[in-house]
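Novice: have a look at this prediction, sequence included:
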Amino acid sequence: MYETRLTTKVHRWPMASLHKASDITDVEFKRAGYTTLMESLTHEQVTHKFKTLVRVVSAFPCQGSVLHSLLSGNYSLQLTLEDPTARIHADVYKDDVVRFFGGFLTADALTRKMNRLLGVPEPEEGDEGAPVARNPPWIWCCLKSYYVDKYDPWGSRRYRVFGTEIRD
């Protein structure tokens, strides 16, 4: 494992964990190097693009019927992402929402994809009222950092998911 975690290597694995990425996402930057969320937060420039290995710990909205309306409008999906170094909020916005879910899908298909992303297990017969233990998978994700106020770029920094698709 030492060779895959060297910080001088471009395609290195995270130093702080032994997590294995799941195969539920496909990313645009396949050959880009890995960056932790903390490395992004402390990056010398406000605006930059990077690929990271994260878990989606929450999403708003997360209901399939509401997600279905996102695909046809100018709304965004907000995700809370974490890795061993930090936790951030990132938006999936406009056309990236359609790509993120893999096209225009039914509300049930969107719910299944979102549950898989959040680590919600498929309900078994007879378990309607049972509490559900979540275990979000580790996924590769492309993010870009940007600012909304040119007079306060560091204070108005935001993150956006792009070039990432949840597979079936």
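Specialist: Noted; the coordinates are in hand.
Novice: how many residues are close by residue 67?
Specialist: 23 (other C-beta atoms under 10 Å). (C-beta placed from N, C-alpha, C; glycine too.)
Novice: residue contacts, it?
Specialist: 61, 77, 101, 107, 110, 111, 114 (C-beta atoms under 8 Å, 6 or more residues apart in numbering).
Novice: what mean pLDDT does the longest helix that the chain contains have?
Specialist: If you go by DSSP state H, the chain has its longest helix at helix 107-118. Helix 107-118 shows a mean pLDDT of 86.
Novice: tell me the buried residues in it?
Specialist: 109, 110, 111, 112, 113, 114, 115, 116, 117, 118 (16 or more other C-beta atoms under 10 Å).
Novice: after the lengthiest strand in the chain, which helix or strand is next? Please name it.
Specialist: The residue-count maximum for a strand in the chain (DSSP state E) belongs to strand 48-60. Once strand 48-60 ends, the next helix or strand along the chain (criterion: DSSP states H and E) is helix 64-70.
Novice: for that next one, buried residues please.
Specialist: 64, 67, 68, 70.
Novice: ok, back up a step: and the longest strand of the chain, what's buried?
Specialist: Residues of strand 48-60 classed as buried by neighbour count (16+ other C-beta under 10 Å): 49, 50, 51, 52, 53, 54, 55, 56, 59.
Novice: ok, so of these, who is nearest residue 88?
Specialist: For these, the closest approach to residue 88 (C-beta to C-beta) belongs to residue 54, at 8.7 Å.
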